[in-house]
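> Mind folding the following:
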Amino acid sequence: MEHRTIALRTFTLKAAAAAAFVLTSSLCSAPAQAQAFADLKSALVDYSKSDYSAAKICADMAQYKGKEIAQIQAVEEAAAAGVPRYCRISGVITPEVAFEVSLPEKWNGRFYMIGNGGHAGESLADPGRTSQRAEALKLGFAFAQTNTGHDSRKEPGGSFVMSNPQKAIDYAYRAVHVTATTAKDIVNNYYARPVSRSYWNSCSNGGRQGLHEAQRYPEDFDGILANAPWADQTGFTLGAMWNQRAVNGTGLTPVKLALLGERVMARCDALDGLKDGLIDDPRKCDFNARRDVPACSAGSDTPYCLTPEQADAVQKVYSGPVSNGKPLFPGFMPGSEAVVAGGFGNAGVPVSAWMGTIVAAQPAAKPADFTLAEGTMRYLVPTPPQPEYDTASFNFDRDVKQLDAWGAKANAKSTNLDKLRARGGKILMTYGWADQILQPLMGVHYYESVAKRYGSKTGDFVRLFMVPGMTHCAGGNGTDRFDAVTALINWVEKGQAPASLAASRVVNDKVVRTRPVCPYPQVAKYSGTGSIDEAANFRCAAP
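As a prediction, the model looks like this:
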């Protein structure tokens, strides 16, 4: 391999450090790039049909009383940039759960809510959130959101529990529930008619929140879209500490990670019969960094090879943490280290997806995954919090159970979905096989545990779609653009379970590939003729 090939595909550590800063400050907060509502014209129901008008004057909603509402205000917002006039009602639910409900002039009868990233606490005026509000309002949805009870600008990284322990419960699961019920009561009051259908759409921590709603409060939503759900927060935390211990100080650079990504793809790309820059199912990829990446000669550490220490670190990331000689939690998938342009936090910089997330962008920095885990370990796991806790003291053979109490609150792993199923509720999950922030098998294992409980009936109300090459929530080298929201609405309101999702890959505003994304465990199989970049030449089938 020519050194120049990798050099052309990497940027400086300075650029990677900038990407890491973005990741650390906004980890998991980006909505899925799934293009919600893009398939409206082909939907089985016209959910943009907005027949209902307000029964109240917006300003009067400032007098609305709710048993848990501590503050409330109402402002009428003028129509602008395609967004219709709407009533924006905001306030605080005891103790400090900020909420917002936005009610369009003409309502389609439906309720739509989004969640939060990382440790939450985002400003409700964050552009990534207001853009989702605008799209929902254009189609007539009543829209709601919450900060889950704290302001991350003032109380970052789990430190919110220092001011009030109740905030831990609000973040873990309560805030979304009380916001949903309060918001729907407000909607019903404003339009003088009940909400007909309620939908949740969010990614990462927001996916975790959606699963909690299904498991703890099945009456809140009829359809839940949980993208890359952070179902096992404590398992992730163990994995992030494990990875930090493995890679810290090993000297893994952007060039070395680019070399790693190329060697992974060279070995495993064609396993599914197509050489298309994607690994269809990374679990089938028999890759070993010690064997399959050029080794540095004894005593040397040059850019285009891995030292034994570096190769061992890479293998630990793939294998995941071990406790008393037994696997503790899944690692990251081969392909997650690939060089990607743009995507989550990279701001257009072509760099390995591991750079800044799993591997620190510079010696003095901390990777974003570890930063998130460190906050959990310092503030949410121990009682009382230990702000100075050093994760280097954590013993994987002895200390794992320390996380159990927090896991009982935060993890969304219950397979008891009886009540949701009985009332006709649906869960649609998506996950990128190349996710570099949350381990994809977290989603696979949760789905498989649900399927073990419900057997052949599982697909009637829960479906998982694994996306080859997609990184966290969106991005990567796969077909990461698809409209799962319309698929969910079709399923809830017309009973048509999604047999596939029509997905595309866009580069420089041009569609360069389309593929069907299939319900797990099915995969998209090539027909044998025609372009491999056209979805028409693929079908969903058993692996």
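> make it CA atoms for all contacts and neighbour counts henceforth
Fine.
> can you list the residues that contact the host helix or strand of Trp406?
Applying DSSP states H and E as the criterion places Trp406 in helix 404-410. Residues outside helix 404-410 that contact it (CA atoms under 8 Å, 6 or more residues apart in numbering): Ile169, Ala172, Tyr173, Asp232, Gln233, Thr234, Leu380, Val381.
> ok, of the residues you listed, which one's closest to Leu211?
Tyr173 (9.9 Å; CA to CA).
> Helices of the stretch 101-250 of the chain, start to end?
Here the stretch 101-250 of the chain has its helices, by DSSP state H, counting those that start in this stretch, at 127-138, 166-169, 175-191, 205-216, 233-247.
> Please identify the most buried of the ones you listed.
Ranked by mean neighbour count, these are led by helix 205-216 with a mean of 27 (mean count of other CA atoms under 10 Å).
> That one vs helix 233-247, what angle?
150 degrees (axes from the mean of the first three to the mean of the last three CA atoms, to 10 degrees).
> where does the protein have low pLDDT?
1-34, 342-348 (pLDDT under 70).
> go again using 80 as the cut-off
Applying pLDDT under 80 to the chain flags residues 1-34, 341-349.
> just checking, Lys187 touches Ala144?
You called it Lys, but residue 187 is Val. No: Val187 is beyond contact range of Ala144, at 9.9 Å (criterion: CA atoms under 8 Å).
> and Ala474, helix, strand or coil?
Three-state assignment for Ala474 (DSSP: H, G, I helix; E, B strand; the rest coil): coil.
> wait, doesn't it sit right on Val467?
No: using CA under 8 Å, Ala474 makes no contact with Val467, being 9.6 Å away.
> Format the helices of the stretch 101-250 of the chain as JSON lines; extra columns: distance to Gln310.
Output for the helices of the stretch 101-250 of the chain, formatted as JSON lines (distance: least, CA to CA, whole Å):
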{"stretch": "helix 127-138", "distance to Gln310": "37"}
{"stretch": "helix 166-169", "distance to Gln310": "37"}
{"stretch": "helix 175-191", "distance to Gln310": "42"}
{"stretch": "helix 205-216", "distance to Gln310": "31"}
{"stretch": "helix 233-247", "distance to Gln310": "7"}
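> Of these, which is nearest Arg85?
helix 127-138 (8.9 Å).
> contacting residues around that closest one?
The contact list for helix 127-138 (CA under 8 Å, 6+ apart) reads 30-31, 82-84, 86, 102-104, 112, 124, 142-143.
> What subset of these is buried?
Among the contacts of helix 127-138, those buried by neighbour count (16 or more other CA atoms under 10 Å) are Ala30, Pro31, Val83, Pro84, Tyr86, Ser102, Leu103, Pro104, Tyr112, Leu124, Ala142, Phe143.
> quick check, nearest of those to Gly118?
The closest of those, once distances to Gly118 are taken by CA to CA, is Ala30, at 10.1 Å.
> tell me the contacts of Arg197?
Counted by CA under 8 Å, 6+ apart, Arg197 has contacts Gly109, Arg110, Phe111, Phe221, Asp222.
> let's see it at 10 Å
For Arg197, the contact set (CA atoms under 10 Å, 6 or more residues apart in numbering) comprises Asn108, Gly109, Arg110, Phe111, Tyr112, Asp220, Phe221, Asp222, Gly223, Ile489, Val492, Glu493.
> Ranking by neighbours, what's the top pick from the residues you listed?
Among the contacts of Arg197, the one with the most neighbours (other CA atoms under 10 Å) is Gly223, at 28 neighbours.
> Is that one bridged to anything, and to what?
Tyr199, Lys426 (DSSP bridges).
> I'd like to know how far it sits from Arg421.
11 Å (CA to CA, to the nearest Å).
> list residues touching both of the two?
Common neighbours of Gly223 and Arg421 (criterion: CA under 10 Å, 6+ apart): Ala214, Ile427, Phe461.
> Output those as CSV; include the columns distance to Ile69.
Converted to CSV, the shared contacts of Gly223 and Arg421 look like this (distance: CA to CA, whole Å):
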residue, distance to Ile69
Ala214, 24
Ile427, 30
Phe461, 34
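> which of those lies closest to Ala535?
Taking the shared contacts of Gly223 and Arg421 together and measuring to Ala535 by CA to CA, the closest member is Ile427, at 24.8 Å.
> Next, count neighbours for that closest one.
26.
> Please tell me how far it sits from Lys184.
20 Å.
> next one: Asp272
Asp272 is 47 Å from Lys184, by CA to CA.
> residue boundaries of the strands in the stretch 1-150 of the chain?
Here the stretch 1-150 of the chain has its strands, by DSSP state E, counting those that start in this stretch, at 52-53, 69-77, 86-93, 97-104, 106-107, 110-113, 142-146.
> go on, the stretch 301-450 of the chain?
Under DSSP E, counting those that start in this stretch, the stretch 301-450 of the chain gives strands at 322-323, 326-327, 339-340, 351-352, 426-432.
> Could you dump those strands into CSV with distance to Ser531 added?
Output for the strands of the stretch 301-450 of the chain, formatted as CSV (distance: least, CA to CA, whole Å):
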stretch, distance to Ser531
strand 322-323, 43
strand 326-327, 41
strand 339-340, 23
strand 351-352, 28
strand 426-432, 23
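> Of these, which stretch is the most buried?
Using mean count of other CA under 10 Å, strand 351-352 ranks as the most buried of those, with a mean of 30.
> measure the residue most central in space within the chain to Asp483 for me?
Nearest to the geometric centre of the chain sits Ser204, at 2.5 Å (CA atoms, centre = their mean). Relative to Asp483, Ser204 is positioned 17 Å away (criterion: CA to CA).
> and if you look at Ser42?
For Ser42, the distance to Asp483 (CA to CA) stands at 11 Å.
> Quick check: neighbours shared by these two?
Shared contacts of Ser42 and Asp483, defined by CA under 10 Å, 6+ apart, are absent.
> okay, the two: which has more neighbours?
Taking neighbours as other CA under 10 Å, Ser42 and Asp483 compare with Asp483 leading, 20 against 9.
> Is that one in contact with Ala36, as I believe?
Yes: if you go by CA atoms under 10 Å, Asp483 and Ala36 touch, sitting 5.0 Å apart.
> just to revisit the earlier point, between Val187 and Ala144, which contacts overlap?
Going by CA under 10 Å, 6+ apart, residues that sit against Val187 and also against Ala144 are Val101, Ser102, Leu103, Phe111.
> Quick check: the last one touching Trp200?
Meaning Phe111. Yes: at 8.5 Å, Phe111 counts as touching Trp200 under the criterion of CA under 10 Å.
> what touches both of these two?
Shared contacts of Phe111 and Trp200 (CA under 10 Å, 6+ apart): Ala144, Ala180, Phe221, Asp222.
> Could you identify the pair within those residues that is furthest apart?
Across the shared contacts of Phe111 and Trp200 (CA to CA), the longest gap, 15.2 Å, separates Ala144 and Asp222.
> Determine the number of other residues adjacent to Asn324.
9.
> how about the nearest residue to it, chain neighbours excluded?
Ranked by CA to CA, 6 or more residues apart in numbering and with sequence neighbours excluded, the top spatial neighbour of Asn324 is Asp397, at 5.0 Å.
> so what's that neighbour up against?
Taking CA under 10 Å, 6+ apart, one finds Val322, Ser323, Asn324, Gly325, Lys326 in contact with Asp397.
> follow-up on the earlier one: would you mind putting the buried ones among the contacts of helix 127-138 into JSON lines with distance to Ala295 alongside?
Formatted as JSON lines, the buried ones among the contacts of helix 127-138 follow (distance: CA to CA, whole Å):
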{"residue": "Ala30", "distance to Ala295": "37"}
{"residue": "Pro31", "distance to Ala295": "39"}
{"residue": "Val83", "distance to Ala295": "57"}
{"residue": "Pro84", "distance to Ala295": "61"}
{"residue": "Tyr86", "distance to Ala295": "62"}
{"residue": "Ser102", "distance to Ala295": "58"}
{"residue": "Leu103", "distance to Ala295": "60"}
{"residue": "Pro104", "distance to Ala295": "61"}
{"residue": "Tyr112", "distance to Ala295": "52"}
{"residue": "Leu124", "distance to Ala295": "49"}
{"residue": "Ala142", "distance to Ala295": "57"}
{"residue": "Phe143", "distance to Ala295": "54"}
